[in-house]
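Asks: Sequence and predicted model, in that order:
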Amino acid sequence: MVIYLILLGWCLVAFVAGRLLPTGHQALRLFEGEALAVVFLGFFAVPYQHLAGLPTLLDIRVSQQHRFLAPFVVGIAFALADLLALHFIRLPATGQLLPSFLQPFPYSFLYFVADAIYLEVIYRLLPFTILLSLLGHRQLTAGRTPLAFWIVAALCAVAAPYQLIVKAPPALMVTMYVLHFVFNMIQALFYKNAGLLASLSMRLGNYLLWYILLGMWLQWHL
């Protein structure tokens, strides 16, 4: 629970910090109160992950390599694929220093870590814990993967990539959507096998390169 309180505290700091910044960046994104409320709600789901047959936050059966390193590297690999796709996408000119999906550093680090936590709560912690507690916990506990897991994973993977759709040729939009559908399915497997911190680590690896480092490079070179 202490680990989750740290994650919640990070989101609270992001919520406050964004409102204290000057509004010079035209597309400054704030960590909204609704997102903070969702992360707070996740606090009450954390103790019940074991009832869904899912690993706890610091499950002793999971090595640190599987909890942090492996998913983080996979997330970076997907970010590299995103950058290859970005190479072919012609983003519309906006007159802004940064594209609207990026944020100025160092605020970007604070905001996107909080955003990653929020997305893992809304697409992993809450739906998997609630639905698998009701439908599939016995099979997961026994080492089998129930149909309910794949249904929840697929539904979340369909919903999550919508925020990534940008104005680009349709073929490239479809490519990005499919890529992140696969990304979210792999995250679900990491969550099932290594817990919430593993799926969060995968998203943080992706965000580090795709949002934070890319934003820093564009901020200082454009």
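Replies: Received it, and whenever you're ready, just let me know what you need.
Asks: Nearest the middle, which residue of this protein would you pick?
Replies: A centroid search over the chain (C-alpha atoms, centre = their mean) returns residue 116, at 3.8 Å, as the residue closest to the centre.
Asks: quick one: that one and residue 202 touch, right?
Replies: No - counting by C-beta atoms under 8 Å, residue 116 does not reach residue 202; the two are 9.4 Å apart. Where C-beta positions appear, they are placed from N, C-alpha and C, glycine not excepted.
Asks: give the contact list for the residue nearest to the centre of the chain.
Replies: 200, 203, 204, 207 (C-beta atoms under 8 Å, 6 or more residues apart in numbering).
Asks: Low-confidence stretches in this protein?
Replies: Counting by pLDDT under 70, the chain shows low-confidence ranges at 23-26, 88-100, 136-143, 164-169, 222.
Asks: what about the longest helix in it?
Replies: Looking across the chain with DSSP state H, the single longest helix is helix 170-194.
Asks: what angle do the following helix or strand past it and helix 170-194 make?
Replies: Downstream of helix 170-194, the next assigned helix or strand under DSSP states H and E is helix 196-207. On the basis of axes from the mean of the first three to the mean of the last three C-alpha atoms, to 10 degrees, helix 196-207 is oriented at 150 degrees to helix 170-194.
Asks: from the chain's centre, how far out does the helix or strand that helix 196-207 is followed by sit?
Replies: Next along the chain after helix 196-207, taking DSSP H and E as the criterion, comes helix 214-221. Here helix 214-221 is found 22 Å from its chain centre; the criterion is C-alpha atoms, centre = their mean, to the nearest Å.
Asks: Just the buried positions in helix 214-221, please.
Replies: Residues of helix 214-221 classed as buried: 214, 215, 216, 219 (neighbour count, 16 or more other C-beta atoms under 10 Å).
Asks: isn't the first one right next to residue 83, touching?
Replies: Think residue 214. Yes - at 7.2 Å, residue 214 and residue 83 qualify as touching, with contact defined as C-beta under 8 Å.
Asks: Where does residue 145 sit: helix, strand or coil?
Replies: Secondary structure, DSSP: H, G, I helix; E, B strand; the rest coil: residue 145 is coil.
Asks: My guess is it contacts residue 193. True?
Replies: No - with contact defined as C-beta under 8 Å, residue 145 does not reach residue 193; the gap is 10.0 Å.
Asks: quick one, which of these two is more surrounded?
Replies: When residue 145 and residue 193 are compared for neighbours, residue 193 comes out ahead with 18 against 15, by other C-beta atoms under 10 Å.
Asks: measure that one to residue 66 for me?
Replies: Distance of residue 193 to residue 66, computed by C-beta to C-beta, to the nearest Å: 7 Å.
Asks: Determine the number of other residues adjacent to residue 44.
Replies: Residue 44, neighbours per other C-beta under 10 Å, totals 10.
Asks: Please identify the buried residues of the one helix or strand residue 8 maps to?
Replies: Under the criterion of DSSP H and E, residue 8 resides in helix 2-20. The neighbour-count check on helix 2-20 (16+ other C-beta under 10 Å) flags 4, 7, 8, 10, 11, 14, 15, 17, 18 as buried.
Asks: what's the answer for stretch 60-73, then?
Replies: Buried residues in stretch 60-73, counted by 16+ other C-beta under 10 Å: 62, 66, 67, 68, 70, 71, 72.
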